[in-house]
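Asks: Need a 3D model of the following:
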Amino acid sequence: MATTAVAPQVAPRLAQPHLTLQTLPIGADTLAIRSQDWDRDRFDIEFALENGTTYNSFLIRGEKVALIDTSHEKFRQLYLDCLQGILDPAQIDYLVVSHTEPDHSGLVGDLLELAPQMTVVASKVAVQFLEDLVHRPFRRLVVKQGDRLDLGKGHVLEFISAPNLHWPDTILTYDHGTQILYTCDVFGMHYCDDFAWDEHPHLLQADFKLYYDCLMGPNARSVLSALKRMEALPPIAAIATGHGPLLRHHLSDWVGQYRTWSLEQAKAERLVAVFYLSGYGQAETLAQAIARGIQKTGIQVELADLRLVDAHEVRELMSLAAGVVIGMPPQSGPEAATTQVLLKTLLASAHSKQGFGLFESGGEDDESVYLCRNTLQEIGAKEVFAPILLKQPAGEALLQLAEEAGTDLGQWLTRDRNIQQMKALDADLDRALGRISNGLYIITARKGQATSAMLASWVAQASTDPPGISIAVAKDRAIESFLQVGDTFVLNVLQEGHYQPLMRHFLKRFPPGADRFAGIKTYPAANGSPILADALAYLECRVVSRLETSDHWVVYSTLEAGRVSSPEGLTAIHHRKVGNHY
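Replies: Coordinates of the predicted model:
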């Protein structure tokens, strides 16, 4: 790719906050807009940053104009002023949203205000997420693997499906005119520098590896799938990432490292293959929910769209998978002949040591769940969760059921590992740790029509002004998805001498989607979550932040209301003999 050497334009650095913009041409008719966050020292909870970060956006001006990604909302005025200095937003025909994580899509709503005529180009899942983010109608173009968009002047954009890298809705974009591949998070790093390209790889290596380990490594098999799809593209002259410098000087090294690390990671991790047919019924939505539940347990997930895989890939995945989930494809229609062959290949490749789960896709003519179930049971495979049957559209309750089903499958696969970890802790340390006593509580939560509950003991007051508490929640608990920042819940305090019935009830293993409050007296809190009528006290809580540990989330919440039902009552106390399990 030939480009004219032009000195990048760097806006004056500001004292507080330390935010700047850098613009530079990176190819014919193509401009990079790099939002530079020089002093950011933490990114979400994964990273302690040493070199700041950037949020990269790209403008392609063919006969049609496309903007690829936006920026973080902290750059709102800087970014919008810069963009309007380059062109009138009314000239933008397309906004390509690589994925909907806020650091890249934080200004989509602002751009729609300035350019309501533009069409948002994104994966189906991303469009669904954006509908909840921007709260306004917008034109949309849903794209999938291999789809193309011709901007004119030789700029033909081809889209590559890359789910779970590291967001469920990720797409990559290849411009045939410049041979630039736009990858958003993939191949990125948190590194802020005036050098827009990778001229000095030795300075970047540590941040490149840290970024991979934190974001890409947990989805190593998805990385390998994306690399395989990249191989089908014409030559790649440059990779335009969403964070850090752009890559062109050492492309083979960067891509090679991703392949090596991902192969090593994939060999070491257990895998669940989730097969579904995109665009058919609610298959994709349910597959994503099940995958989220599996990933909570630390198990690798490979989402396999039956539109994109062939029989060889199905057999290869099945040979690696310790668990398999199948969304029922159609029995008839234009795609039935292909999917029937793939389904037969899948079932023929299954073996007795695998765990499995099945779900209806909700199309007009689903393959029978029960015929597949019988086939898998006949070879001795273990059904880990009952078939998910669709009697209604995928609302909160159904998605909760799907996520909990995935968690059950992941827990089934990790049961031996967890037992080994419990036995591995030093005996003296284990007994000493067990002497830390805790109260007994039940967390209850509601999101829409979905509810959840959990017996908890790792609870502590964490602040006084405002009053706040911390709760440690295991990553594979179903209620974890109800405890995101901004969510509300109730902490019910159990009473000494009166807690046994509630404790026995909530210690039961509930099947996915089961009503955890059946037979329990409750009434609604102001935030909508259930209050247990037999609790000693309750606190209404709002999640403010989360800290990740190796196997738990520490959830910090502020308190909005509370009441004691029995002023003379004492909190039930939980005493353990060992500290390596509850």
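Asks: quick one: contacts for the residue lying closest to Ser98 once chain neighbours are set aside?
Replies: Nearest residue to Ser98, sequence neighbours excluded (Cβ to Cβ, 6 or more residues apart in numbering): Cys184, at 3.5 Å. Every residue, glycine included, has its C-beta placed from N, CA and C. Residues counted as contacts of Cys184 (Cβ atoms under 8 Å, 6 or more residues apart in numbering) are 69, 98-99, 104, 170, 172, 241-242.
Asks: repeat that for 7 Å
Replies: If you count contacts by Cβ atoms under 7 Å, 6 or more residues apart in numbering, Cys184 has them with 69, 98-99, 104, 170, 242.
Asks: Poorly predicted segments of this structure, please.
Replies: Flagging of the chain using pLDDT under 70 yields the residue ranges 1-17, 40-49, 268-269, 392-394, 416-426, 579-582.
Asks: Assign a three-state SS to the residue positioned nearest the centre of it, would you?
Replies: Centroid check for the chain by Cα atoms, centre = their mean gives Trp167 as the closest residue, at 4.5 Å. Reduced to three states with DSSP: H, G, I helix; E, B strand; the rest coil, the structure at Trp167 is coil.
Asks: Now for the closest residue to it other than its chain neighbours, how many residues are close by?
Replies: Computed as Cβ to Cβ, 6+ apart, the closest residue to Trp167 that is not its neighbour in sequence is His99, at 4.0 Å. Applying other Cβ atoms under 10 Å, we find 25 residues neighbouring His99.
Asks: returning to that earlier point: so which of the contacts of Cys184 comes closest to Val459?
Replies: In terms of Cβ to Cβ, no member of those lies closer to Val459 than His99, at 34.7 Å.
Asks: got the contact list for the closest one?
Replies: 126, 167, 169-170, 184.
Asks: What spatial separation is found between it and Ala162?
Replies: From His99 across to Ala162, the span is 9 Å (Cβ to Cβ, to the nearest Å).
Asks: The contacts of Cys184 in helices, which ones?
Replies: Those of these mapping onto helices are His104, per DSSP state H.
Asks: The residue nearest to Val493 when sequence neighbours are not counted bridge partners, please.
Replies: Closest residue in space to Val493, ignoring its immediate chain neighbours: Ala537 at 4.2 Å, by Cβ to Cβ, 6+ apart. Ala537 forms beta bridges with Val493, Val564, as assigned by DSSP bridges.
Asks: count of residues packed around Ala537?
Replies: There are 19 residues near Ala537, going by other Cβ under 10 Å.
Asks: quick one: it and Ala445, what's the gap?
Replies: Spatial separation of Ala537 from Ala445 under the definition Cβ to Cβ is 17 Å.
Asks: that older thread, mind putting the contacts of Cys184 into TSV with distance to Ala474?
Replies: As requested, the contacts of Cys184 are arranged in TSV below (distance: Cβ to Cβ, whole Å):
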residue	distance to Ala474
Asp69	34
Ser98	32
His99	27
His104	30
Thr170	27
Gly242	31
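Asks: Between which two of the contacts of Cys184 is the distance greatest?
Replies: Taking Cβ to Cβ as the measure, those span a maximum distance of 11.4 Å, between Asp69 and Thr170.
Asks: Check whether Ala311 really touches Leu343, as I assumed.
Replies: No - counting by Cβ atoms under 7 Å, no contact exists between Ala311 and Leu343, whose distance comes to 10.6 Å.
Asks: So the two - more neighbours on which side?
Replies: The residue with more neighbours, out of Ala311 and Leu343, is Leu343; 22 against 15, by other Cβ under 10 Å.
Asks: secondary structure element for that one?
Replies: For Leu343, the enclosing helix or strand under DSSP states H and E is helix 336-349.
Asks: Send me that helix as PDB with only the CA atoms.
Replies: As requested, C-alpha coordinates have been extracted for helix 336-349 and formatted as PDB (Å, rounded to 0.1, in the frame of the first residue of the first chain):
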ATOM      1  CA  ALA A 336     -32.200 -27.000   5.400                       C
ATOM      2  CA  ALA A 337     -30.200 -29.300   3.100                       C
ATOM      3  CA  THR A 338     -26.900 -27.900   4.200                       C
ATOM      4  CA  THR A 339     -27.800 -27.700   7.900                       C
ATOM      5  CA  GLN A 340     -29.100 -31.200   7.900                       C
ATOM      6  CA  VAL A 341     -25.800 -32.500   6.600                       C
ATOM      7  CA  LEU A 342     -24.000 -30.600   9.300                       C
ATOM      8  CA  LEU A 343     -26.300 -31.700  12.000                       C
ATOM      9  CA  LYS A 344     -25.800 -35.400  11.000                       C
ATOM     10  CA  THR A 345     -22.000 -34.800  11.000                       C
ATOM     11  CA  LEU A 346     -22.200 -33.200  14.400                       C
ATOM     12  CA  LEU A 347     -24.200 -36.100  15.900                       C
ATOM     13  CA  ALA A 348     -22.000 -38.700  14.300                       C
ATOM     14  CA  SER A 349     -19.000 -37.000  15.900                       C
END
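Asks: Distance from that helix to the middle of the chain?
Replies: In terms of Cα atoms, centre = their mean, to the nearest Å, the gap separating the centre of helix 336-349 from the centre of its chain is 29 Å.
Asks: Repeat that for stretch 318-330.
Replies: 20 Å.
Asks: Just the buried residues of it, please?
Replies: Taking 16 or more other Cβ atoms under 10 Å as the neighbour-count basis, stretch 318-330 is seen to contain the buried residues 318, 321-330.
Asks: Pull the residues that contact that stretch.
Replies: Taking contacts as Cβ under 7 Å, 6+ apart, the residues outside stretch 318-330 that touch it are 270-277, 280, 283, 286-287, 290, 306, 336, 339, 343, 346, 349-350, 354-361, 363, 365-367, 369, 372, 409, 413.
Asks: Buried ones among these?
Replies: With neighbours counted using 16+ other Cβ under 10 Å, the contacts of stretch 318-330 contain these buried positions: 270-277, 280, 283, 286-287, 290, 306, 336, 339, 343, 346, 349-350, 354-361, 363, 366-367, 369, 372, 409, 413.
Asks: can you tell me how far the residue nearest to Ser98 sits from Arg139?
Replies: 21 Å.
Asks: Please tell me I have it right and Leu247 contacts Ile239.
Replies: Yes - in terms of Cβ under 7 Å, Leu247 counts as a neighbour of Ile239; the distance is 4.2 Å.
Asks: Show me where this structure has its helices.
Replies: Counting by DSSP H, one finds helices in the chain at the ranges 76-86, 102-105, 108-114, 124-134, 201-211, 220-231, 251-268, 283-295, 311-320, 336-349, 369-378, 396-424, 427-433, 500-507.
Asks: what's the closest of those helices to Thr23?
Replies: Evaluated with Cβ to Cβ, the helices of the chain place helix 76-86 nearest to Thr23, the distance being 6.7 Å.
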